[in-house]
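>>> Quick one: sequence plus predicted model below, questions after.
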Amino acid sequence: MKSAEASLAADDAPFIDPADLRNTLGCFATGVAIVTTLSANGRPVGMTINSFNSVSMDPPLVLWSIARKAPSYDAFHANGSFVVNILSEHQHELCLQFSRPSEDKFAGVDFEPGLNGIPQLTGAAAHLECMTHDRVEGGDHTIIIGRVMRLQASDAMPLLFHRGILRGFDGRI
Ligand SMILES: Cc1cc2nc3c(=O)[nH]c(=O)nc-3n(C[C@H](O)[C@H](O)[C@H](O)COP(=O)(O)O)c2cc1C
């Protein structure tokens, strides 16, 4: 006999409570990054993300997703370059600073211009300088696929995100 699960079609998609979805996805531990770009008038723009992942080795592609309603959406849509700054363990305050809307997220933040002048945050565990390769609509987010143009890695321990909490590698920050 076929199980009920096996016979579910996409058209019958059941309601999934967003809180349940968030809780369940929170079981998947990730790193944390700040993606940066420049606005049309040259202002630095950045936001905290954990949707970053690898896609392809040849060509070298990575992805992340941005909420369509994010204030920084237009800047990432207009500019074809971005930097993924993978945060190190001691950068949890930076993570929080870039996870809420603000006109001045870069106040007190050390950075250097990278590819096409895009800010590279000082002290990050790694930088991936990317050109936008493709954009794919995904519900209330847009998936941005980037081609890696330059990269830089360090030995720094990463900042982690698990069940809605920022953690260091030993479970604490
Ligand atoms: C750990 C963490 C991960 C996040 N990941 C994402 C993400 O992958 N995509 C996204 O659109 N927002 C994500 N956010 C929320 C954004 O950082 C937040 O909405 C921020 O205000 C966006 O920048 P903006 O207000 O300048 O648009 C995340 C927040 C936190 C704390």
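Now that the structure is in, tell me what you want to look at.

>>> for the ligand, what are the nearby residues on this structure?
Residues of the chain lying near the ligand by CB under 6 Å from any ligand atom: 32, 47-51, 64-67, 70-72, 99-101, 161. Every residue, glycine included, has its C-beta placed from N, CA and C.

>>> Let me see the contact set for the residue nearest to the spatial centre of the chain.
Per CA atoms, centre = their mean, the C-alpha nearest to the average position across the chain is that of I49, at 3.0 Å. By CB atoms under 8 Å, 6 or more residues apart in numbering, the contact list for I49 reads 32-35, 64-66.

>>> May I have the phi/psi pair for P44?
phi -60, psi 140 (degrees, to the nearest 10).

>>> For it, give its distance to the ligand.
11 Å (CB to the nearest ligand atom, to the nearest Å).

>>> repeat for S154
S154 is 21 Å from the ligand, by CB to the nearest ligand atom.

>>> So G26 sits against G164, correct?
Yes. Using CB atoms under 8 Å, G26 is in contact with G164, at 5.4 Å.

>>> These two: which has the busier surroundings?
Per other CB atoms under 10 Å, whichever of G26 and G164 has more neighbours is G26, with 14 against 9.

>>> can you give me phi and psi for the nearest residue to the more buried one once chain neighbours are set aside?
Excluding the flanking residues, the one nearest G26 by CB to CB, 6 or more residues apart in numbering is R163, at 4.3 Å. Backbone torsions for R163, taken as degrees, to the nearest 10, come to phi 50, psi 40.

>>> Touching, R163 and F28? I think so.
No. Under the criterion of CB under 8 Å, R163 is not in contact with F28, lying 9.6 Å apart.

>>> ok, residues contacting the lengthiest helix in the chain?
Scanning the chain for the longest helix, with DSSP state H as the assignment, gives helix 18-25. For helix 18-25, contacts defined as CB under 8 Å, 6+ apart pick out 163-164.
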